[in-house]
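A.B. asks: okay, predicted coordinates and the sequence, questions at the end:
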There are 2 protein chains.
Amino acid sequence: MGALLKFGALLLAAVAACVAWEDGDVWDYDGHKLKDSDFLALWPLPQKVQSSAVSFQLSASRFQFTHAEGSSAGSDCSILQNAFRRYFDYIFGFTKKDRDQRRRNAAGSEVLELQVAITSPDAECDGFPSLTSDESLDQPSAVLKAPKVWGALRGLETFSQLVYEDAYGAVSVHLHSLFASFGLCSTMAMNKYNVFHWHISDDQSFPYVSRMFPDLSQKGSYHPYTHVYTPADVKMVIEFARMRGIRVIAEFDTPGHTQSWGFGQKDLLTPCYTGSSPSGTYGPVNPILNTTYDFMAGFFKEISTVFPDAYVHLGGDEVDFSCWKSNPDIQKFMDQQGFGKDYSKLESFYIQRLLDIVSSTDKGYMVWQEVFDNGVKLNQKTVVEVWKSSELEEELYNVTGAGYTTILSAPWYLDYISYGQDWQNYYKVEPLTFKGTDAQKKLVIGGEACLWGEYVDASNLTPRLWPRASAVAERLWSDQGVRDISDAYVRLVQHRCRMVERGIPAEPLFTGYCRHEYSGV
Amino acid sequence: MGALLKFGALLLAAVAACVAWEDGDVWDYDGHKLKDSDFLALWPLPQKVQSSAVSFQLSASRFQFTHAEGSSAGSDCSILQNAFRRYFDYIFGFTKKDRDQRRRNAAGSEVLELQVAITSPDAECDGFPSLTSDESLDQPSAVLKAPKVWGALRGLETFSQLVYEDAYGAVSVHLHSLFASFGLCSTMAMNKYNVFHWHISDDQSFPYVSRMFPDLSQKGSYHPYTHVYTPADVKMVIEFARMRGIRVIAEFDTPGHTQSWGFGQKDLLTPCYTGSSPSGTYGPVNPILNTTYDFMAGFFKEISTVFPDAYVHLGGDEVDFSCWKSNPDIQKFMDQQGFGKDYSKLESFYIQRLLDIVSSTDKGYMVWQEVFDNGVKLNQKTVVEVWKSSELEEELYNVTGAGYTTILSAPWYLDYISYGQDWQNYYKVEPLTFKGTDAQKKLVIGGEACLWGEYVDASNLTPRLWPRASAVAERLWSDQGVRDISDAYVRLVQHRCRMVERGIPAEPLFTGYCRHEYSGV
């Protein structure tokens, strides 16, 4: 399971007003008076930030989000209406009680509204975010202007981060129930991740409930009722993500990592042999049967309608050849095709036919780097994911040299935990140091933080992922020059507390505390 | 923060009945019919287990815990009444609805009650558990017999582990609210830990609210209202732990690790010098002033009344001498005392006086190994805690050779996380391989799993601690011969799911699943 984030020439201008609820002094966690610049613990840091020395008040009873005159989005834009509700809760959640009576005469201006203006004729209120979604913002003022709703979402997150609680707060209101099932997507949005890479099947379990092939999950999941994703579940995840400007790219990894597929689809996997007889175990997808390709054509036709994103991830990593080598029918096929003893040619044969099948559904595809390494013919829309840390720079050079767009995940395998502040290692990565032309570097369209599930489930997912993935988010979202570890530490500590205060059990960076601690078990 | 567990010649005989709610077949997570022995995924494994081939039914509407005739405990024994309520919830929590109507005619005997008999004249219903608490159980039958209530608590946990849910279960009822504040002690009891070592102060914060010296927490805690332990909090922790047979040993670590003490107690810490002038920073407790010992006498007098356990932990680890070395008054004192340049003699001087103070409160004390290493004169009741993994065997040999009882924590620092199944490393430790007589080995009275808090708080405490600390628990609780990793894996996977089903987000050992997953964020 992972999460993608596009980076590059995105522009995010922060709302310029430094907004507080009350005027007067504000103290930090150690009791020191905060400097104006300390308020801006933004994460990830926008491309441009401009702050004023003045603080403004916000009142829960008077403040509102509005659609600016001339905006192409109105109150029928569900993406924005939904986001207004969400960010109103984030901003005023801790102090539902309006404290106007007590501090009515406080000096200082009050911000009564944030106008949101979508400047492009098509706001994309009913669309899905895509690879080319415009997430930019412009014009520093109390108006939040963006060409599309996707940029408005990022700006609303920044706006909510600009609001801090003064020393007179607060009634603690945690929003657990809201986040229970969708905590991951919520937290991704807080960190401006924009793609959820859903590695939905693996050797151990096939939890995706297919309409065409229901036996896949019925027989191949951990449990056919309690541990599956129904069509309704999948729709809800996609819609929940869309509301937050997050694309959902499903990965159905073949021909390896498919043990679980075998229980519900006869003859799909290769029978392994011991000597001249079948051993009773199975290997990768069987690439020499026409039934395999009939199945894949039907399956990926369904996938292309269930998942609206323009891309599907086809896997292609870590294919173990030993079972193929043991099978006499496979050996015969290798001879017929003239592949000799080079089983990567057999793998390419399979992938090639799979890519043709998927191309016919009008989807683009992502693949793990082995597919490129093995010389499979890829169309130019293909996104190659570089995940091996050895020879990383050479791989980036080769993939972009061949003209393919690339997503880099190698430096950010967050499942490899270690003692101490390993977020710094993720933060310090510079993804564009490989040799290559500017044109090649532009082909590196994003990075991905991966958290593989061998040792992770709902019990430890959230604290293991955050704020370590927040470090990756800033590397990918913010300007290349933003890399000061001390500055990042100060902001990330506050960003981590911001997550905790929104009900997300993000783990601590080091000693210290949050004003409102996580109160779960 | 840590958790101690006594081990040694404890005897825990499991209730012999293998108890199920319904007769008939039962399946495991992979759909295989369970063998009788598979039901007994007990953790930690009792010293003796005897099982029958017959399963018995339990009905939520008819089953009850009772006090056996002749038991020295009755319905006025709050420890047991409280435990009955707790284990009734554990056992029937998932199926509050009685399913008798549907399966009234099912064959098989029903267990209507578990009789609890406390055989010693003094059941200790109103007492506190202690180092010598008798946690043994005997007599395999539907009667749970124990000399004291403390053994009955361990037997009730085992009894509840013997009950499994059949294939017709279940309505999921999570008990989050019950565990929210006291999840740690609850889970310790599930794993038969019997001492909570509360490392209650450190350099960063002094959260203990002292009645005599309220400024210590008022000025030295992270926050004087939201991040402190009030007297009422401390009382509740001690009572909650007592109900579960868990001792609470507080550690007030001096003379090092005391930066936070300095804010609320003038002149307590040593002023450091740069050249001939004070640098403005402070070092360890100042051992040359009489006011220091006046303060300690008052403080530990209070501690001796607040914490009922017979022991208090006095710390004494990792004293940094550089500040003492820089201070001219300290140098003068060293000369006067004839300590030369040996600052460990100054440390011993301080500790010696502190021990005399604490001894006068009639408390025994625990200290970290440095205190022994530096040759401080200790009374024979002292428990020396061995925590340094280098020269571990030599240290155990020396400490026990000098006749002191020892707690071993060195191999079980759970805060040092690593990738993969590190529980196996904790499990494989054999604490008694050091050279030494049998008498010396008997002085090793227990072990401790430590989870220091630099990178841990409420957000990640539970999944980081469990089930890794469960591995330590079995090493310390169960027979020395119980060390088969494969067997342990099978039981520990089920024990981990048992914790998850009781609302505790214990992390997974590896791929796989629980029938009732953790449903929090």
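C.D. replies: Nice, I can see it. Remember, predicted model here, so these are calculated numbers, not experimental data. Numbers count the residues shown, from 1 in each chain, chains lettered A, B, ... in the order given.
A.B. asks: just checking, A:Arg475 is part of a helix?
C.D. replies: Yes. Applying DSSP: H, G, I helix; E, B strand; the rest coil, one finds A:Arg475 inside a helix.
A.B. asks: contact partners for it?
C.D. replies: A:Tyr426, A:Tyr427, A:Val429, A:Pro431, A:Gly447, A:Arg483 (Cβ atoms under 8 Å, 6 or more residues apart in numbering or on different chains). All C-beta spots, glycine's among them, are computed from the backbone N, C-alpha and C.
A.B. asks: biggest separation within those residues, which pair?
C.D. replies: The distance between the two most remote of the contacts of A:Arg475 (Cβ to Cβ) is 14.6 Å, for A:Gly447 and A:Arg483.
A.B. asks: okay, those two: which has more neighbours?
C.D. replies: The neighbour count for A:Gly447 versus A:Arg483, taken as other Cβ atoms under 10 Å in any protein chain shown, is higher for A:Gly447 (25 against 15).
A.B. asks: my read: that one touches A:Pro431, true?
C.D. replies: Yes. Here A:Gly447 reaches A:Pro431: they are 6.0 Å apart, a contact under Cβ atoms under 8 Å.
A.B. asks: where does chain A have low pLDDT?
C.D. replies: Across chain A, the ranges flagged by pLDDT under 70 are A:1-40, A:51-54, A:93-108, A:138-142, A:164-181, A:521.
A.B. asks: now the contacts of A:Arg475 in a markdown table, with distance to A:Leu216?
C.D. replies: Output for these, formatted as a markdown table (distance: Cβ to Cβ, whole Å):
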| residue | distance to A:Leu216 |
| --- | --- |
| A:Tyr426 | 35 |
| A:Tyr427 | 40 |
| A:Val429 | 37 |
| A:Pro431 | 36 |
| A:Gly447 | 31 |
| A:Arg483 | 45 |
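A.B. asks: just those now: which is nearest chain B?
C.D. replies: Distance to chain B across those (Cβ to the nearest Cβ) is lowest for A:Tyr426, with 15.1 Å.
A.B. asks: test my guess that that closest one contacts A:Pro411.
C.D. replies: Yes. A:Tyr426 is within contact range of A:Pro411, at 6.9 Å (criterion: Cβ under 8 Å).
A.B. asks: element containing A:Lys301, please.
C.D. replies: Counting by DSSP states H and E, the element that carries A:Lys301 is helix A:290-306.
A.B. asks: er, A:Lys325 I mean
C.D. replies: Per DSSP H and E, A:Lys325 falls inside helix A:322-326.
A.B. asks: so how far is chain B from the residue nearest to A:Phe196 when sequence neighbours are not counted?
C.D. replies: Spatial nearest neighbour of A:Phe196, excluding adjacent residues (Cβ to Cβ, 6 or more residues apart in numbering or on different chains): A:Val248 at 5.0 Å. With distances taken as Cβ to the nearest Cβ, to the nearest Å, A:Val248 is found 20 Å from chain B.
A.B. asks: likewise A:Ser390?
C.D. replies: 17 Å.
A.B. asks: which parts of the helix holding A:Lys325 are buried?
C.D. replies: Residues of helix A:322-326 classed as buried: A:Cys323, A:Trp324, A:Lys325, A:Ser326 (neighbour count, 16 or more other Cβ atoms under 10 Å in any protein chain shown).
A.B. asks: ok, stretch A:131-150 next?
C.D. replies: With burial defined by 16+ other Cβ under 10 Å, the residues of stretch A:131-150 counted as buried are A:131, A:133-138, A:140, A:143-150.
A.B. asks: in strands, which of these fall?
C.D. replies: Of those, the ones assigned to strands by DSSP state E are A:Val143, A:Leu144, A:Lys145, A:Ala146.
A.B. asks: report the contact partners of the first one.
C.D. replies: With contacts defined as Cβ under 8 Å, 6+ apart, A:Val143 is in contact with A:Ala68, A:Leu114, A:Gln115, A:Val116, A:Ala117.
A.B. asks: since that was my last question, I'll sign off now.
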